[in-house]
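A.B. asks: model this:
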Amino acid sequence: MKNIEKYIRNVKDFPKPGIIFKDITPLLADPEAMKMTLEELLKMVPKDVDKVIGIEARGFFFGTLLAEHLNAGFVPVRKPNKLPYQVHSETYDLEYGTDSLEMHIDAIKPGEKVLIHDDVLATGGTAEAVAKLVEKSGGKVVMLNFLIELEFLKGRDKLKNYKISSLLKY
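C.D. replies: Alright, predicted model coming up:
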């Protein structure tokens with residue numbers, strides 16, 4: 001993992017003072033680092049999934065690659081009013097206020113096995129909202145998968161009912 005970790009850039013005071021943002025764009029810019037990361041992510045996830053969900057926007061990068069390699073469909077989950085068809089919506093709490101995520105109503109069929117992927121597990125609110133969208137559609141969340149987990153924010157606490165994997169932990 002140390003080889004992958006060297007491609008994660010720390011950006012101080014982004015998006016606000018006191019935050020150290022884990023920037024994956026150096027990793028994305030290097031084809032060998034991307035390949036190595038995908039190989040490591042594939043070792044962690046179940047091989048028998050019907051759909052891979054990528055959470056807007058950085059979850060799309062490896063989410064689509066995972067879907068392709070797992071021979072699964074890809075489902076984008078987006079912020080409100082970004083998807084063109086009828087949607088399920090889930091609202092979740094932020095530090096100050098709320099936000100929502102949406103998924104097409106026909107994206108997940110009842111009984112489908114779903115892998116949820118995002119770049120970072122922080123407080124767990126976003127991932128929990130996406131799991132609820134899957135369940136609202138009748139799907140089964142088989143795993144929540146992350147490139148990076150910020151353990152000090154205790155996101156796993158909100159996701160106790162789900163299997164979780166993360167490649168890098170801080």
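
A.B. asks: Could you use CA atoms for every contact and neighbour count after this?
C.D. replies: Fine.

A.B. asks: now the host helix or strand of H117, how far from the centre of its chain.
C.D. replies: H117 belongs to strand 113-121 when assigned by DSSP states H and E. Relative to its chain's centre, strand 113-121 lies at 3 Å (C-alpha atoms, centre = their mean, to the nearest Å).

A.B. asks: Check which helices and strands that strand sits against.
C.D. replies: Helices and strands touching strand 113-121, as assessed by 3 or more C-alpha pairs under 8 Å, 6 or more residues apart in numbering; DSSP states H and E, comprise strand 51-55, helix 59-69, helix 125-136, strand 140-149.

A.B. asks: how does it look with 7 Å?
C.D. replies: In terms of contacts (3 or more C-alpha pairs under 7 Å, 6 or more residues apart in numbering; DSSP states H and E), strand 113-121 is packed against strand 51-55, helix 59-69, strand 140-149.

A.B. asks: in the second one, what counts as buried?
C.D. replies: Of the residues in helix 59-69, those with enough neighbours to count as buried (16 or more other C-alpha atoms under 10 Å) are 59-67.

A.B. asks: Now distance to K163 too, for those residues, in TSV please.
C.D. replies: Supplementary listing: the buried residues of helix 59-69 in TSV, determined by distance: C-alpha to C-alpha, whole Å:
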residue	distance to K163
G59	18
F60	20
F61	21
F62	19
G63	17
T64	20
L65	21
L66	17
A67	18
